[in-house]
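Enquirer: Using only what follows, build the 3D model:
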Amino acid sequence: RKVRIMERTESSDERTEISSEGESRSRSGSFWGEEGSQLQRWASTASLSLENPTELSDEIWQTKLGHTQRWHSAYEDCNYLVCGFGLKTNIGKQHWGCCYLVDYNAKCPKKPKKEKKSKKSTQDNKIEAFILESDDPYRQFCHDSNFKSNSHPKFPILYNTGYNIGFFGLENLHPFDVAKYKSIHAFLTSPSPSRSLPLIHTNSFFSPLPPSETILQIHHPESYLNTLSSPLTVAGMAEVPLIAVLPSWLVRQKLLNPMLIQTGGTILAARLASIYGWAINLGGGYHHCSACEGGGFCIYADISLTIKFYQTFFQAKTGRRPKTLIVDLDAHQGNGHERDFGDDDDVVIMDVFNGQIYPGDYEAKQGIKIMKQVNSGIADDQYLSIVQDGLNEAYTVWGNSNGYDLVIYNAGTDCLEGDPLGRMNVSPAGIVKRDELVWNAAISRNNPIVMVLSGGYQKTNAKIIADSIENLVGKFTLLSGQKQDRVVSKTSDSKNKSTSNNDESWLQEGEEEEEMEQDHDSKEKGKEKMNL
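Expert: Sure, this is the predicted structure:
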């Protein structure tokens, strides 16, 4: 057996190689040579006596440096190299090194090669991307990420990090909890005491984009939109006076843009609901804003704009105006959309609100077809009974056997007990049950429903909303992924007709389609397709 021992001399940086045959020669620099270039270690022969290497046991313990070090096994019938761990400790003017034996002739075992997944198998694991026809006007509200395939299916719950309003703390001067959007998203994408996995993967959300100026002018006059360049005007609508002294670019970036993105989320949610049967926007619900006037922290009329855009789209496809139901259960009167659609016979408004608080808009009340005024302090039993009565009336007196083409549910949670502005006394369980009642009325009739979050002024609201969404997902098996486009073209020719993506050209086409007459046969075909 041939054993080599590496020794560092005390007097110089030269290293001495001593063989078992007693020969010694000095080498400077990298004395390991090419074979051992990866083992840049040194050791002292004083740390271990190797007079008889065959007497080495499988485990040798070194205690001279004040700690115990396990030695590598010494195998028989092979060559050894004594290497150090590179511990350079001065003890009694001697250099010490923890040594171990290695077989420098043995080959390192090869690591098993990992099986490479074929490109085909990787693609098989991906979910088909969300598809909208290239001429669908709703594509402009979809972020590019919505069209990319990934390993998680898409569900019609809309959220964008741009929803969150941050105004250097000024937003805290208004009681509205602007952090609830990201808090709800966090609850839904994290495990909870009731489940070990997230309810929805973060890649399964739809990410919306804000509407363009052209789209906003479908509902808002240009004169109104121009007033938003004044921080003083915006401060009055947002009810935060200090905004008036800020530059207009900062107001747009920190307040108006987040509200615009949420508005785009509500608009897109209507189209997703027509495909999936339901959609939830984790924002929106600015029900105090009308076409020409904002207020109550509502600057863009997302509900009204969504309905008008959907009406044009639906009529261009089917040849008739859609029947729409607004169920507004925010604690405050939804005077914005009531002013906008009070004279529209195709829009039914059901509003359950506290008549003793803001806004007390008598003129707007004339537009409510199903009005249920309640008093401060109302609790679960009476409140839920009133909600159910209103839904029954909406589907019997004003509706028909087939229900509505679109239901927009303004699910404000400021009716929760302890809310400083809502002044009602509905429990968290009552909020969950209330949402379930509204969804059951729509889902049981196969009516597409869009849920927006609207008001809610307590830090506990986010968790309650997330719990309600989880309850809806379980009750109505919302994550089954079933899709069926409920807005069908009125003729086969119109389905294949090529349309420009330009906003103005699409709106012009909608006006032309509105003027065309629809014969009886094409209507029957449309009904058959919808049933399929």
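
Enquirer: what lines up beside the longest strand seen in the chain in the sheet?
Expert: Assignment by DSSP state E gives strand 347-354 as the longest strand of the chain. The pairing partners recorded for strand 347-354 under DSSP bridges are strand 324-328 (parallel), strand 370-374 (parallel).

Enquirer: Are there helices or strands packed against the next helix or strand after the last one, and which ones?
Expert: So the one you mean is strand 370-374. Going down the chain from strand 370-374, the next helix or strand is helix 380-396, by DSSP states H and E. Helix 380-396 sits against strand 324-328, strand 347-354, strand 370-374, helix 428-443, with contacts defined as 3 or more Cβ pairs under 8 Å, 6 or more residues apart in numbering; DSSP states H and E. All C-beta spots, glycine's among them, are computed from the backbone N, C-alpha and C.

Enquirer: now those as TSV including mean pLDDT, mean neighbour count and distance to Leu197?
Expert: Formatted as TSV, these follow (pLDDT from 0 to 100; neighbours: other Cβ atoms under 10 Å; distance: least, Cβ to Cβ, whole Å):
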stretch	mean pLDDT	mean neighbour count	distance to Leu197
strand 324-328	97	26	32
strand 347-354	97	25	36
strand 370-374	97	18	39
helix 428-443	98	20	21
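
Enquirer: Minimum distance to Glu239: which of these has it?
Expert: Ranking the helices and strands packed on helix 380-396 by their distance to Glu239 (criterion: Cβ to Cβ) puts strand 347-354 first, at 18.0 Å.

Enquirer: Show me what the helix or strand following the closest one packs onto, helices and strands only.
Expert: Next helix or strand after strand 347-354 toward the C-terminus (DSSP H and E): helix 362-365. Packing partners of helix 362-365 (3+ Cβ pairs under 8 Å, 6+ apart): helix 335-341.

Enquirer: Need the residues that contact the helix it packs on.
Expert: Applying Cβ atoms under 8 Å, 6 or more residues apart in numbering, the contact partners of helix 335-341 are 219, 286-291, 293, 298, 301, 303-304, 307, 326, 328, 347, 349, 351, 359, 361, 363-368.

Enquirer: Filter those down to the buried ones.
Expert: Those of the contacts of helix 335-341 that meet the buried threshold are 219, 286-291, 298, 301, 303-304, 307, 326, 328, 347, 349, 351, 361, 364-365, 367-368, by 16 or more other Cβ atoms under 10 Å.

Enquirer: how far away is Asp435 from Tyr358?
Expert: Distance, Asp435 to Tyr358, using Cβ to Cβ, to the nearest Å: 23 Å.

Enquirer: Output the longest helix belonging to this protein.
Expert: helix 257-276 (DSSP state H).

Enquirer: what inclination does the longest strand of the chain have with respect to helix 428-443?
Expert: Put simply, strand 347-354 runs at 170 degrees to helix 428-443, going by axes from the mean of the first three to the mean of the last three Cα atoms, to 10 degrees.

Enquirer: rewinding a little: save the helices and strands packed on helix 380-396 as a markdown table, and put in distance to Gly334 too.
Expert: Compiled in a markdown table, those are given as follows (distance: least, Cβ to Cβ, whole Å):
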| stretch | distance to Gly334 |
| --- | --- |
| strand 324-328 | 4 |
| strand 347-354 | 6 |
| strand 370-374 | 11 |
| helix 428-443 | 14 |
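
Enquirer: Tell me which of those sits nearest to Val487.
Expert: Of all the helices and strands packed on helix 380-396, it is strand 324-328 that lies closest to Val487, at 13.0 Å by Cβ to Cβ.

Enquirer: quick one, helices of the stretch 201-350 of the chain?
Expert: Taking DSSP state H, counting those that start in this stretch, the helices of the stretch 201-350 of the chain run over residues 213-216, 222-227, 231-238, 248-251, 257-276, 302-318, 335-341.

Enquirer: got the buried residues for the fifth one?
Expert: When you say that, I think you mean helix 257-276. Across helix 257-276, burial judged by 16+ other Cβ under 10 Å covers 258-276.

Enquirer: so where's the stretch 151-300 of the chain shaky on pLDDT?
Expert: 167-176 (pLDDT under 70).

Enquirer: by contact count, what packs against the longest helix of the chain?
Expert: strand 157-158, strand 278-281, helix 302-318, strand 406-410, strand 449-452.

Enquirer: run the last query once more with 7 Å
Expert: Other helices and strands packing on helix 257-276, by 3 or more Cβ pairs under 7 Å, 6 or more residues apart in numbering; DSSP states H and E, are strand 157-158, strand 278-281, helix 302-318, strand 449-452.

Enquirer: The shortest one: what's the following helix or strand?
Expert: With elements assigned by DSSP H and E, the helix or strand that comes after strand 157-158 is helix 180-188.

Enquirer: Pull the residues that contact that following helix.
Expert: 159, 163-164, 198-200, 282-283, 456, 461-463, 465-466, 469 (Cβ atoms under 7 Å, 6 or more residues apart in numbering).

Enquirer: about what we covered before: want to try a markdown table for the helices and strands packed on helix 257-276, with distance to Asp135 as columns?
Expert: What follows is the helices and strands packed on helix 257-276, written out as a markdown table (distance: least, Cβ to Cβ, whole Å):
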| stretch | distance to Asp135 |
| --- | --- |
| strand 157-158 | 22 |
| strand 278-281 | 21 |
| helix 302-318 | 11 |
| strand 449-452 | 23 |
